[in-house]
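Asks: Please work out how this folds:
(one chain, ligands or ions: 2)
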Amino acid sequence: MTATHSTRMLVLGSGPAGLTAAIYGARAGMAPIVVQGMQPGGQLTITTDVENYPGFKDVIQGPWLMEQMQAQAEHVGARMMYDSIVEVDLSQRPFRLIGDGGTVYTGDVLVIATGASARWLGLESENLLQGKGVSACATCDGFFYRGKKVVVIGGGNTAVEEALYLTNHSQDVTLIHRRDSLRAEKILQERLFAHPNIKVLWNKTVERFVGDGDPEGLVGVELRDTETGALSTIDTDGAFVAIGHSPATEIFRGHLRLDSEGYLDVETGSTRTSVPGVFACGDVMDKVYRQAVTAAGTGCMAALDAERFLAEADFVMEPA
Ligand code: FAD
Ligand code: NAP
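Replies: Ligands and ions are numbered 1, 2, ... in the order given. Model prediction:
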């Protein structure tokens, strides 16, 4: 028989946004259930040093911070489910969602905090060589390139942090960026430029990841100069694509209003989506700030918006 879990407040996602919503929701008596998804703890679990989350004078570790947030949420009464939602029915309340093993979740209100996932360049060679030298997570895979040559593609905070992190393993790190200036924070740029083992290739895009051997593995990257159009190839053992993230909103397409880039649309100054009783927080609705602290902040807003909605709604809870 299919299991069904019912709650006042259903939360999708266990990054800073979802867990903060759960902490506030539990304290407000909404007995939240958190469906954690494929990445319990969210994006911060694939990074190391976190230096800008308020409250900690010393550098803390991303995975540790998320363990603490989950422990806090559970301590105040939130329930964690190790499942991912694959189907949603938002046409009536309680909202009905289905997990990938068929488990049914219902919630009088729904808080969506499904965040974002790594974006790829979309090259055929990238697809072929993923896991064979091409990666999107230096903290996950950097260790495999101890003493080898690596490149990082991108010019934002993630790319710069990945390049700096990779120097723990490699003495030869190259950052490849499509323009002649980075968008990463100044403090990170300063660290990057000062590092003796990192060089930067400006105005270059990746034309092709080059594989060789049996089994095939990455041996180089073919680059195109954006100013001259000239092609060149550099040798490398590992390539880390760090060109940003896409919001995890596919399952909501056709159910909730999305913006032109696929982010969940919310009313300005609130977390209310296009369906009353459904709230969105964190990176899934924020393409501007995308920080752990802003995700946590909007998670708090979503729980408060949800609480108000339930208090005002002329709504009788269905029996479980
Ligand atoms: P996420 O952290 O993306 O979490 C999304 C959650 O949704 C996950 O638990 C996932 O499993 C779940 N989920 C997805 N789909 C489903 C589904 N279908 N069903 C159920 N659950 C689902 N920010 C900082 O402030 N400081 C930093 O130092 C910093 N470093 C970073 C380093 C890296 C490498 C990266 C990638 C990001 C970094 N960020 C940093 C940004 C920060 O991690 C994000 O802004 C923040 O994690 C967003 O939180 P979120 O809760 O919105 O989403
Ligand atoms: P981002 O800020 O969106 O940067 C993406 C980078 O990739 C940009 O430099 C972009 O180039 C480049 N890019 C995009 N598409 C490309 C393509 N097809 N080919 C080549 N290059 C491409 O993404 P992010 O660095 O992942 O950061 C996401 C958010 O998380 C940001 O808000 C960031 O502040 C936050 N974050 C914070 C920290 C921190 O606080 N320490 C760490 C990591 C991430 P252009 O510059 O030319 O557009």
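Asks: contacting residues for residue 193?
Replies: residue 200 (CB atoms under 8 Å, 6 or more residues apart in numbering). Heads up, the C-betas are built off the backbone N, CA and C, glycines and all.
Asks: my guess is it is in a helix, correct?
Replies: Yes - Residue 193: assigned to a helix according to DSSP: H, G, I helix; E, B strand; the rest coil.
Asks: pLDDT value on the residue most central in space within the chain, please?
Replies: Nearest to the mean C-alpha position of the chain, counting by CA atoms, centre = their mean, stands residue 116 at 3.6 Å. At residue 116, the model reports a pLDDT of 89.
Asks: Relative to ligand 2, how far out is the spatially closest residue to residue 133 that is not a sequence neighbour?
Replies: Distances taken as CB to CB, 6 or more residues apart in numbering put residue 218 closest to residue 133, at 2.5 Å, once the chain neighbours are dropped. For residue 218, the distance to ligand 2 equals 17 Å [CB to the nearest ligand atom, to the nearest Å].
Asks: cool, residue 238 as well?
Replies: 17 Å.
Asks: How many residues are close by that residue?
Replies: 24 (other CB atoms under 10 Å).
Asks: Skipping adjacent residues, who's closest to the residue in the stretch 201-320 of the chain positioned nearest to ligand 1 in space?
Replies: Going by CB to the nearest ligand atom, ligand 1 is nearest to residue 282 of the stretch 201-320 of the chain, at 2.1 Å. If the residues on either side of it in the chain are set aside, residue 282 comes closest to residue 17, at 2.7 Å by CB to CB, 6+ apart.
Asks: now swap in residue 45 and tell me
Replies: Nearest non-adjacent residue to residue 45, counting by CB to CB, 6+ apart: residue 63, 4.9 Å away.
Asks: Could you point out which residue ranges in the protein have low pLDDT?
Replies: Counting by pLDDT under 70, the chain has low-confidence residues at 1, 314-320.
Asks: ok but residue 165 is inside a helix, no?
Replies: Yes - looking at residue 165 with three-state DSSP, it is inside a helix.
Asks: Quick check, it in contact with residue 140.
Replies: No - counting by CB atoms under 8 Å, residue 165 does not reach residue 140; the two are 10.7 Å apart.
Asks: Which one of these two is surrounded by more residues?
Replies: Neighbour count, other CB under 10 Å: between residue 165 and residue 140, residue 165 has more, with 19 against 13.
Asks: What residues does the stretch 51-200 of the chain have near ligand 1?
Replies: Within the stretch 51-200 of the chain, the residues that sit near ligand 1 (CB under 6 Å from any ligand atom) are 52-53, 84-85, 113-116, 158, 161.
Asks: for the stretch 201-320 of the chain, that is, sorry about that
Replies: 248, 251, 282-284, 290-293, 295.
Asks: which among the residues you listed gets closest to residue 181?
Replies: Proximity of these to residue 181 (CB to CB) peaks at residue 290, which lies at 19.7 Å.
Asks: which one is that closest one nearest to, not counting chain neighbours?
Replies: residue 283 (5.2 Å).
Asks: Helix or strand: which one has residue 140?
Replies: According to DSSP states H and E, residue 140 maps onto helix 138-141.
Asks: what's the answer for residue 26, then?
Replies: Counting by DSSP H and E, residue 26 is part of helix 16-27.
Asks: Contact partners for the residue nearest to residue 45?
Replies: 41, 44-45.
Asks: got it, and residue 32?
Replies: 7-11, 21-22, 25-26, 73, 77-79, 111.
Asks: before we move on, back to that, mark which of the residues of the stretch 51-200 of the chain next to ligand 1 are buried, thanks.
Replies: 84-85, 113-116, 158, 161 (16 or more other CB atoms under 10 Å).
Asks: Kindly reformat those residues as CSV containing distance to ligand 2 and secondary structure.
Replies: Formatted as CSV, those follow (distance: CB to the nearest ligand atom, whole Å; DSSP: H, G, I helix; E, B strand; the rest coil):
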residue, distance to ligand 2, secondary structure
84, 22, coil
85, 24, strand
113, 15, coil
114, 16, coil
115, 11, coil
116, 8, strand
158, 3, helix
161, 5, helix
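Asks: so which of these comes closest to residue 262?
Replies: Using CB to CB, those come closest to residue 262 at residue 116, 9.8 Å.
Asks: The closest one and residue 295 touch, don't they?
Replies: No - between residue 116 and residue 295 there is no contact under CB under 8 Å: 9.9 Å.
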